[in-house]
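>>> Sharing a model prediction with you, sequence too.
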Amino acid sequence: MTALTGPLARVRAQVSTRSQRRDLRAALLFISPWAVGFLVFTAWPLLYSAYLSLTDYDVLTDPSFIGLENYRTLLEDDKIALSLRNTIFFTVIQVPAYVLVSLGLAMLLNQAGRAAGFFRTAFYLPNMTPPVAVGVLLLLIFNGQNGLINEVLGFFGIDGPSWTTDPNWVKPAIIVMSLWSVGGSVIILLAALRNVPTELYDAARVDGAGPWQRTWSVTLPMISPALFFVTVVNTIAAFQTFTETYTAFFGSGNSTYSNDAALFFSIYLFQQAFQFLNMGYASAMAWVLFVIIMVITVIQLRVSRRLVYLEGEQR
């Protein structure tokens, strides 16, 4: 038996190696459609856009290498600064509002009992609305003369502003309208709320904690991973907001004086690429936006280490 131990061990090792290789080939085969799609539709366009950002390219002629000239032009373009200010203002206000409204609705829905199924569907349905339709709806609801919002404000004796033509009110109107699609975040936060152990609430009650203390000390820490996810995803989405605003303020040749107030970075990028055919310049803009989003996401990840509670994590 001792003499056979060495050969048997080698045979077992060979069989194990063959099995691992077979499993590896099977795994690679299964992920190959995704890998091919990633390389063709994500990695290659990403790298090619980095090259185009260093060229003068108008689609009609071959790219002409100009180095960092596009990036120098970005620093001198007044509309770059304007679109960045608009985008940052929108993101700073919209993301907290979006998260707070989502959390509030999720907490109400958590108390709905048997009706929760109906309200989950009702809250999520607006997410199915095409963004172009939302843009048209924005113009109808926020019309300064006979829009629904001003009609409701007039009922209470409040003279509503010109939401879609007054530059001071354009971005607030867009922010309020963006809350139309909170349903997806509501569902995520509701799932997190349903997973908070009831024992923690019972222990908090025994310690004399009131509703607000239970929310602050139990609910929010326990759902902080979901809140963090919703915040990060919606921050990225806010920096790339495009369709609804473009439809409302830039579609069909719209050229009102409120356009500058609604000029977000992604809209100006689109104009440079597909209206003015400055593909090289637009590629440089895309990389600037990518870097901004990446830096902000990294900051959020660093901050999350102190604010996000992960069950079982050693601190």
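Cool, the structure landed.
>>> measure the spatially most central residue of the chain to residue 184 for me?
Centroid-nearest residue in the chain, with CA atoms, centre = their mean: residue 237, separated by 2.7 Å. Distance of residue 237 to residue 184, computed by CB to CB, to the nearest Å: 10 Å. In short, each C-beta sits where N, CA and C put it, glycine included.
>>> And the helix or strand hosting residue 124, what's buried?
Secondary structure from DSSP states H and E places residue 124 in helix 116-124. Residues of helix 116-124 classed as buried: 120, 123 (neighbour count, 16 or more other CB atoms under 10 Å).
>>> Residue 150: how many residues sit nearby?
20 (other CB atoms under 10 Å).
>>> Can you name the residues that contact it?
142, 143, 144, 160, 161, 163 (CB atoms under 8 Å, 6 or more residues apart in numbering).
>>> Regarding the fifth one, what are the backbone dihedral angles?
Read it as residue 161. phi -80, psi 170 (degrees, to the nearest 10).
>>> Begin at 795, not 1, for the rest of this chat.
I'll keep to 795 as the first residue from here, and by that count the last item is residue 955.
>>> circling back to that earlier point, correct me if wrong, but the residue nearest to the centre of the chain is in a helix.
Yes. Under DSSP: H, G, I helix; E, B strand; the rest coil, residue 1031 sits within a helix.
>>> Distance-wise, check it relative to residue 840.
19 Å.
>>> quick one on the thing from earlier: now do the helix holding residue 918, average pLDDT.
Mean per-residue pLDDT for helix 910-918: 82.
>>> okay, the next helix or strand after it in PDB with CA atoms only?
Sequence-wise, the next helix or strand downstream of helix 910-918 (DSSP H and E) is helix 925-935. In PDB, the C-alpha atoms belonging to helix 925-935 read as follows (Å, rounded to 0.1, in the frame of the first residue of the first chain):
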ATOM      1  CA  PRO A 925     -38.000  59.500 -21.400                       C
ATOM      2  CA  VAL A 926     -39.100  61.400 -24.400                       C
ATOM      3  CA  ALA A 927     -42.700  61.300 -23.200                       C
ATOM      4  CA  VAL A 928     -41.500  62.600 -19.800                       C
ATOM      5  CA  GLY A 929     -39.800  65.500 -21.500                       C
ATOM      6  CA  VAL A 930     -43.100  66.400 -23.300                       C
ATOM      7  CA  LEU A 931     -45.000  65.900 -20.000                       C
ATOM      8  CA  LEU A 932     -42.600  68.400 -18.300                       C
ATOM      9  CA  LEU A 933     -43.600  71.100 -20.800                       C
ATOM     10  CA  LEU A 934     -47.300  70.400 -20.200                       C
ATOM     11  CA  ILE A 935     -47.300  70.100 -16.500                       C
END
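>>> Against which helices or strands is helix 925-935 packed?
helix 942-949, helix 961-972, helix 1037-1043 (3 or more CB pairs under 8 Å, 6 or more residues apart in numbering; DSSP states H and E).
>>> and that helix, which residues are buried?
Result for helix 925-935 [16+ other CB under 10 Å]: buried residues 928, 929, 931, 932, 933, 935.
>>> Give me the distance from it to the chain's centre.
Relative to its parent chain, helix 925-935 has a centroid offset of 20 Å by CA atoms, centre = their mean, to the nearest Å.
>>> tell me the average confidence for stretch 927-938?
Mean pLDDT, computed over stretch 927-938, is 87.
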